[in-house]
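*Asks:* Return a 3D structure for these sequence lines:
(chains A and B)
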Amino acid sequence: MRVPVAFGQYVPVSSPVHRLDAKAKMGLVVAYSVALFTIDGFGGLAVMGVLVALAIALARVPAALALRGVKALTFILLFTVLAHALRWNPATETLVRIGPLGIDGQGLLDGLFFATRIVLLVVGTSLLTLTTSPVQLTDGLERLMRPLEVVRFPAGEVAMMLTIALRFIPTTAQEAEKIVIAQTARGARFDEGGLLKRVRAFVPVLVPLFVNLFRRAEDLASAMESRCYRGGSGRTRLLPSVMRGLDWAVLCCGATLMVGIGIAL
Amino acid sequence: MGLSARSLGYTYGHGTRFALEALREVDLDVDIGELVLIAGATGSGKSTLLRLLAGLLEPTEGTAEADGALLSGREARGRVAIVFQNSESQFFAESVLEDVAFGPRNLGAPDPSTVAEQALEAVGLDPGTFGGRSPFLLSGGEARRVAIAGALAMGAPYLLLDEPTAGLDARGRADVREVIAHERERAGVVVVTHDPEEFLSAADRVLALEAGRTVFAGDVEQLFDSRLSYEAAGLRLPEIVMVQLLARERGMPPARISLEPTSVADSLAGWRRAQR
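*Replies:* Alright, predicted model coming up:
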């Protein structure tokens, strides 16, 4: 029960963004990502930031949840900024100079630009998983991958695999938490010592976790087989998702807007 | 002294919009040599209470203490040991002995292997036979006893068990009950269960929870008189008790409720003879 909502985990509330078809949302995310990488100024990023903030508000998802993924990227963001800003023995003017190291003004701006781009990419794409259930998500993916069946790509099997993988993320997190608590009760310490000691401390968690995962995988496979699962080919859906007029309209307008922003800014 | 909880409460996600109150205003006392049952339906807060008593959760209200010391974090490890539901899923070592020695080794015991051997003996498993075996290849009952041994090896004066007989066959359940009866001689034992029948005859007191609140707290005799509040918590008295309560309603003179089939049969036969 104490397991926190994981980064990008579906938040089941009713909102216009939740009701939008998964395929439309995927299309928008692709357009959004492409636009982010074609934008070359802070003005464009600011517009995208406003759009993402509006989408979060419209989705009725807590902003803290949408931003949770950014926290995990702190090191990458810091590295991005520093890699652009720091200069070794700079020949040009610098903002600050400590020994042979200098902080270059333009480099700092570049670093901030790329870091902001990463933040917007993470927040925007996590909005897709926050507002789309795993089943809808994999259903949408299967539809998008369907043309690949021509070259014998197992779209159905891959979609089923993704559904199961996504379904078991929270279960696995809960199980890991249970094992951590059980081993903590036996005196295990996970927050002490250097890196190697901490890694070693997790062996009593990882071994039972994987053993239980393998057992569960075997049980699940047997249960699916006993209920006549024979692969994804020719499978039908109980609730087939269909792109409505509104979904097409939002996708077309949204994608056009993204492309426009990407080209203009 | 003893293991105690005063006005204990816990809210998951306290202070956030996901806040969920799991436990409220719970009082509990357990002394050495006592067996206390915590009963309740699924989601009633039993396991949360157990985690609070083990110092694995910080209470959001009230206090939990063992022999006057607050149960919090690592300080609680040597005072209270806990056996989780399906505890065999925490095995990780290559041998039973190594797995049981995990706790005492973490506590810095000078000879964890000897402590582990003693713990295995306490649960009725011969260290020579079982010590070297893989914990992943044990039967259900053996695995549960090894998991209990892992908790006993912590050497704590209070032992908490969450659904200790769940998923075991009759033989396995009897073995676990025997281990608990044995441990009760030296420790205070708390057993959490959603089906308290098999521990009622051995219990000193019962605490019944419903939606995180206490609906009954008292000894087993009082429980029979508070049948309605107990049943309202989604629990059911044993059939043998129900038979005696129904017999009372049909005119049998009130007598001490028994959980022993022989004693109950004798009482019923005596009443029938008297009626003739």
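*Asks:* Can you report phi and psi for the closest residue to residue B:40 other than its chain neighbours?
*Replies:* Take residue B:40 and drop its neighbours on the chain: the residue closest to it by CB to CB, 6 or more residues apart in numbering or on different chains is residue B:209, 3.7 Å away. Glycine gets a C-beta too; all of them are placed from N, C-alpha and C. Main-chain dihedrals, residue B:209, degrees, to the nearest 10: phi -110, psi 150.
*Asks:* Who does residue B:209 form a beta bridge with?
*Replies:* residue B:40, residue B:214 (DSSP bridges).
*Asks:* Check whether the helix or strand residue A:183 falls within comes into contact with chain B.
*Replies:* In the assignment (DSSP states H and E), residue A:183 maps to helix A:155-185. Yes: Helix A:155-185 reaches chain B (CB under 8 Å from any CB of the partner chain) through A:175, A:178-179, A:181-185.
*Asks:* same for that helix, what does it pack against?
*Replies:* helix A:134-145, helix A:203-226 (3 or more CB pairs under 8 Å, 6 or more residues apart in numbering or on different chains; DSSP states H and E).
*Asks:* Which of those helices sits closest to chain B?
*Replies:* Closest to chain B of these, according to CB to the nearest CB: helix A:203-226, at 3.8 Å.
*Asks:* Can you point out the buried residues in the closest one?
*Replies:* A:204-205, A:207-209, A:212 (16 or more other CB atoms under 10 Å in any protein chain shown).
*Asks:* what does it rub up against?
*Replies:* For helix A:203-226, the external contacting residues (CB atoms under 8 Å, 6 or more residues apart in numbering or on different chains) are A:164, A:168, A:171-172, A:175-176, A:179-180, A:183, A:188, A:190, B:89-93, B:102, B:136.
*Asks:* Output whichever helix or strand comes after that helix as CSV, restricted to C-alpha atoms.
*Replies:* Counting by DSSP H and E, the next helix or strand C-terminal to helix A:203-226 is helix A:245-264. This file holds the C-alpha atoms of helix A:245-264, laid out as CSV (Å, rounded to 0.1, in the frame of the first residue of the first chain):
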residue,chain,number,x,y,z
GLY,A,245,-14.0,12.3,-35.6
LEU,A,246,-13.0,14.3,-32.5
ASP,A,247,-9.8,12.1,-32.1
TRP,A,248,-8.9,12.7,-35.7
ALA,A,249,-9.6,16.5,-35.4
VAL,A,250,-7.4,16.8,-32.2
LEU,A,251,-4.7,14.7,-33.8
CYS,A,252,-4.6,16.7,-37.1
CYS,A,253,-4.9,20.2,-35.4
GLY,A,254,-2.4,19.3,-32.7
ALA,A,255,0.1,17.8,-35.1
THR,A,256,-0.2,20.8,-37.5
LEU,A,257,0.3,23.1,-34.5
MET,A,258,3.4,21.2,-33.4
VAL,A,259,4.9,21.2,-36.9
GLY,A,260,4.1,24.9,-37.2
ILE,A,261,5.8,25.7,-34.0
GLY,A,262,8.8,23.6,-34.9
ILE,A,263,9.2,25.4,-38.2
ALA,A,264,8.5,28.9,-37.1
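*Asks:* Domain map for the chain?
*Replies:* Using chain A. Segmentation of chain A into domains, based on automatic domain parsing, reads A:1-154+A:242-265, A:156-231.
*Asks:* sorry, should have said chain B
*Replies:* Split by automatic domain parsing, chain B gives B:3-234, B:238-276.
*Asks:* and chain A, which residues reach chain B?
*Replies:* Chain A comes close to chain B at residues A:1-2, A:5, A:62, A:175, A:178-179, A:181-189, A:203-208, A:211-212, as judged by CB under 8 Å from any CB.
*Asks:* go again using 10 Å as the cut-off
*Replies:* Applying CB under 10 Å from any CB of the partner chain, we find that chain A lies next to chain B at A:1-5, A:62, A:64, A:175, A:178-189, A:201, A:203-212, A:215.
*Asks:* for residue 258, what are its contacts?
*Replies:* Assuming you mean chain A. Contact analysis of residue A:258 by CB atoms under 10 Å, 6 or more residues apart in numbering or on different chains lists A:27-36, A:38-39, A:48, A:51.
*Asks:* wrong one, I was asking about chain B
*Replies:* Per CB under 10 Å, 6+ apart, neighbours of residue B:258: B:201, B:240-241, B:244, B:264-267.
*Asks:* Export these to TSV and append columns for secondary structure.
*Replies:* Below are those laid out as TSV (DSSP: H, G, I helix; E, B strand; the rest coil):
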residue	secondary structure
B:201	coil
B:240	helix
B:241	helix
B:244	helix
B:264	helix
B:265	helix
B:266	helix
B:267	helix
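*Asks:* Show me which of those residues is closest to chain A.
*Replies:* residue B:201 (28.4 Å).
*Asks:* ok, and the closest non-adjacent residue to that closest one?
*Replies:* residue B:259 (4.0 Å).
*Asks:* residues in contact with the nearest residue to residue B:157 once chain neighbours are set aside?
*Replies:* Counting by CB to CB, 6+ apart, residue B:187 is the residue found nearest to residue B:157 once chain neighbours are left out, at 5.5 Å. The contact partners of residue B:187, by CB under 10 Å, 6+ apart, come to B:3, B:30, B:32-35, B:80-81, B:152, B:155-159, B:180.
*Asks:* now do 7 Å
*Replies:* B:32, B:157-159 (CB atoms under 7 Å, 6 or more residues apart in numbering or on different chains).
*Asks:* rewinding a little: and the angle from the helix holding residue A:183 to helix A:203-226?
*Replies:* For helix A:155-185 against helix A:203-226, the angle by axes from the mean of the first three to the mean of the last three CA atoms, to 10 degrees is 140 degrees.
*Asks:* Over to residue B:83: give its phi and psi.
*Replies:* Per degrees, to the nearest 10, the backbone of residue B:83 is at phi -120, psi 120.
*Asks:* Number of residues surrounding it?
*Replies:* Using other CB atoms under 10 Å in any protein chain shown, the number of residues around residue B:83 comes to 27.
*Asks:* Quickly note the distance from whichever residue of the stretch 1-150 of chain B sits closest to chain A to residue A:246.
*Replies:* Relative to chain A, the nearest point of the stretch 1-150 of chain B is residue B:106 (3.0 Å; CB to the nearest CB). Residue B:106 sits 59 Å away from residue A:246, going by CB to CB, to the nearest Å.
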